[in-house]
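1. Build me a model:
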Amino acid sequence: MVEHVVTIKNRAGIHARPAALIVQTASKYKSKILLRKDSDTINAKSIMGVLTLGAGYNVVIAISAEGEDEAAAVEAIETLFNNKFEED
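-> Okay, here's the model as predicted:
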């Protein structure tokens, strides 16, 4: 299992567009990918799950993946966060 911690850097947080990007990216990988905020853990391949996290600006999220392509999956999703979902 691979896990990285990221901070949401885009001012609007995770709304519909970033959530869709997360789900689209996660769906490219075979690994089970999870996002964790505080005590809430959701499947990164679920648009409803990602939206219900209610993750805003400066919130810390843990990205974890388990499976054959876990490292690449976590890296790809972490890149989305680091690039502010290309919003700024």
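
2. now the helices for this protein?
-> Residue ranges of the helices in the chain, as given by DSSP state H, are 16-26, 47-52, 70-82.

3. Which of those sits closest to Val6?
-> helix 70-82 (4.2 Å; CB to CB). (Glycine included, C-beta is placed from N, CA and C.)

4. same for the closest one, what does it pack against?
-> strand 2-7, helix 16-26, strand 32-37, strand 60-66 (3 or more CB pairs under 8 Å, 6 or more residues apart in numbering; DSSP states H and E).

5. Adjacent strands (with direction) for the first one?
-> If you go by DSSP bridges, strand 2-7 pairs up with strand 60-66 (antiparallel).

6. Send me the partner strand as CSV with only the CA atoms.
-> Extracted in CSV, the C-alpha atoms of strand 60-66 (Å, rounded to 0.1, in the frame of the first residue of the first chain):
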residue,chain,number,x,y,z
VAL,A,60,-5.4,17.9,4.3
ILE,A,61,-6.2,14.7,2.4
ALA,A,62,-4.5,11.3,2.5
ILE,A,63,-4.4,9.5,-0.8
SER,A,64,-3.8,5.8,-0.6
ALA,A,65,-3.8,3.0,-3.1
GLU,A,66,-3.4,-0.8,-3.0
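
7. Go through it and flag the buried ones.
-> Buried residues in strand 60-66, counted by 16 or more other CB atoms under 10 Å: Ile61, Ile63, Ser64, Ala65.

8. that older thread, redo the helices and strands packed on helix 70-82 as a markdown table? Include distance to Glu75.
-> Formatted as a markdown table, those follow (distance: least, CB to CB, whole Å):
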| stretch | distance to Glu75 |
| --- | --- |
| strand 2-7 | 8 |
| helix 16-26 | 10 |
| strand 32-37 | 11 |
| strand 60-66 | 9 |
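
9. Can you lay out the ones you listed as JSON lines showing mean pLDDT and distance to Ala44?
-> Formatted as JSON lines, the helices and strands packed on helix 70-82 follow (pLDDT from 0 to 100; distance: least, CB to CB, whole Å):
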{"stretch": "strand 2-7", "mean pLDDT": "98", "distance to Ala44": "12"}
{"stretch": "helix 16-26", "mean pLDDT": "97", "distance to Ala44": "4"}
{"stretch": "strand 32-37", "mean pLDDT": "98", "distance to Ala44": "4"}
{"stretch": "strand 60-66", "mean pLDDT": "98", "distance to Ala44": "7"}
